[in-house]
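Undergrad: when you get a sec, could you give me coordinates for this:
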Amino acid sequence: MRAILLSVAVAFSASTLALSAPAFAAGAETCSVAPAKLRALSANAEADAAKKAERNIALGEALCDARNRSEAAKKFNLAAKALGTELAAVLGTETASAQ
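TA: Sure thing, here's the model as predicted:
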């Protein structure tokens, strides 16, 4: 019985790791690519949406400087949503949840 529970736990953790790996790999480029692409999108957006997006972009950049890529990605995603899109679409990558 213990062997079955152990194998289920190992299989679950392996599948979780496999699903999070593409999102983590994209996180490294998020800090270098996302701000410029989001600012290019905000140039054509309505003033209110552009203002919200710019605030989140600036916060994301500060978090990147502090080496907190996961929180920075959340701010960049909020900026993308304010502009009416998804961060994965802006970066041109698939996320683990889309698979």
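
Undergrad: now residue 77. Nearest residue, chain neighbours left out?
TA: Counting by CB to CB, 6 or more residues apart in numbering, residue 77 lies nearest to residue 87, which is 4.3 Å off, once chain neighbours are set aside. Just so you know, the C-beta spots here come from the backbone N, C-alpha and C atoms, and that holds for glycine as well.

Undergrad: hang on, residue 33 packs against residue 92?
TA: No: look at residue 33 against residue 92 with CB atoms under 8 Å: they stay out of range, at 9.0 Å.

Undergrad: coming back round to it: near the residue nearest to residue 77, how many residues? Count them for me, please.
TA: 23 (other CB atoms under 10 Å).

Undergrad: ok so, going back, who's more crowded, residue 33 and residue 92?
TA: Legend: neighbour count by other CB under 10 Å for residue 33 and residue 92, higher for residue 33 (16 against 9).

Undergrad: contacting residues for that one?
TA: Residues counted as contacts of residue 33 (CB atoms under 8 Å, 6 or more residues apart in numbering) are residue 91.

Undergrad: which parts of this protein are helices?
TA: Listed in chain order, the helices of the chain (DSSP state H) span 2-42, 47-65, 69-82, 87-91.

Undergrad: where among the ones you listed is average confidence lowest?
TA: Confidence, taken as mean pLDDT, is least for helix 2-42 of these (a mean of 67).

Undergrad: which residues touch residue 60?
TA: Listed by CB under 8 Å, 6+ apart, the contact set of residue 60 reads 31, 34, 35, 72, 73, 75, 76, 79.

Undergrad: list the residues that contact the fifth one.
TA: Applying CB under 8 Å, 6+ apart, we find residue 73 in contact with 27, 30, 34, 60, 87.

Undergrad: follow-up on the earlier one: is it correct that the residue nearest to residue 77 is in contact with residue 74?
TA: No: look at residue 87 against residue 74 with CB under 8 Å: they stay out of range, at 9.2 Å.

Undergrad: what are the phi and psi values for residue 85?
TA: Dihedral angles of residue 85 (phi, psi; degrees, to the nearest 10) stand at phi -140, psi -170.
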